[in-house]
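1. sharing a model that was predicted from the sequence below.
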Amino acid sequence: MFHKPMLILLLSLLLLISFTACGKSPEGARKKLAQMNIQYNEQAFLRCAEKGNTVAVRLFLDAGMNPDAINNDGMTALMLAAQEGHTDTAQVLLAKGADVNAKNNDGVTALIAAAVKGHTDTVQALLTRGADVNAKDNNGVTALMLAAAFGHTETVQALLTKGADVNAKTNDGTTALMRAQTGGYTKIVQFFKDAGAKE
């Protein structure tokens, strides 16, 4: 006979195994979402990604959701997770094939969305998975320029380490150095000069 603590442990393990198995099949994943009061549709999927609900996002993907589903602004789940700094959620999406270099209607990538808010961990995760460090939005703005403009020193360093072009220019000729100077971020200005930024 099993002792009571051992029996509880065995039952817990069986429940965990059944939960995992249930989530693996598309039908099982949809069932788990329903039990969580989450409807299976693109809007709910994108909302969960934006909130960093990694468990739900994984279930959506197991249920067959397109990882590159978009909202009306052309934002993917990866972009929404990245702009809020939800690194774990972003990594789940990337592992399931989300396009790391997809662009929204304004030409913004997940990397740009993460950099503008200084989410360095997310930036590094995206770069590791092949994000284009020099991608530009429709105005020619790069992740480095935005990180500089808002004084995100660690993000700037992470981007420079991965080869961000310190002399890239926007459509109107602005550089990352100019943006750092305008913001008065002297440490970032020095990083750029050390990296070969042109005045």
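-> All right, it came through fine.
2. confirm for me that residue 175 is in contact with residue 169.
-> Yes. Counting by Cβ atoms under 8 Å, residue 175 does reach residue 169; the two are 5.6 Å apart. The way it works is simple: take the backbone N, C-alpha and C, and place the C-beta from them, glycine included.
3. higher neighbour count, those two?
-> Per other Cβ atoms under 10 Å, whichever of residue 175 and residue 169 has more neighbours is residue 175, with 22 against 16.
4. and the more buried one, backbone torsions?
-> Per-residue torsions, residue 175: phi -110, psi 170 (degrees, to the nearest 10).
5. can you point out the buried residues in stretch 150-170?
-> If you call a residue buried by 16 or more other Cβ atoms under 10 Å, then stretch 150-170 has these buried ones: 150-153, 155-160, 162, 164-166, 168-170.
6. same question, stretch 132-143
-> Using 16+ other Cβ under 10 Å as the test for burial, stretch 132-143 gives 133, 135-137, 141-143.
7. so what touches it?
-> With contact meaning Cβ atoms under 8 Å, 6 or more residues apart in numbering, stretch 132-143 is reached by 101, 103, 106-109, 111-112, 114-116, 123, 127, 144, 155, 159, 162-165, 168-172, 176.
8. go through those residues and flag which are in strands.
-> Of the contacts of stretch 132-143, none are assigned to strands by DSSP state E.
9. out of the residues you listed, which are inside helices?
-> Of the positions in those, 111-112, 114-116, 123, 127, 144, 155, 159, 176 sit in helices, assigned by DSSP state H.
10. can you lay out the residues you listed as a markdown table showing pLDDT?
-> Formatted as a markdown table, the ones in helices among the contacts of stretch 132-143 follow (pLDDT from 0 to 100):
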| residue | pLDDT |
| --- | --- |
| 111 | 98 |
| 112 | 98 |
| 114 | 98 |
| 115 | 98 |
| 116 | 97 |
| 123 | 98 |
| 127 | 98 |
| 144 | 98 |
| 155 | 98 |
| 159 | 98 |
| 176 | 97 |
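11. just the buried members of those residues?
-> Buried among the ones in helices among the contacts of stretch 132-143 (16+ other Cβ under 10 Å): 111-112, 114-116, 123, 127, 144, 155, 159, 176.
12. hey, where'd the helices end up in this protein?
-> Counting by DSSP H, the helices of the chain are 4-24, 26-35, 42-51, 54-62, 77-83, 87-95, 110-116, 120-128, 143-149, 153-161, 176-183, 186-194.
13. which residues does the fourth one contact?
-> Contacts of helix 54-62 with the rest of the structure, by Cβ under 8 Å, 6+ apart, involve 23-26, 28-30, 32-33, 36, 38, 40, 44-45, 48-49, 67, 77, 81, 86, 88-89, 92-93, 96.
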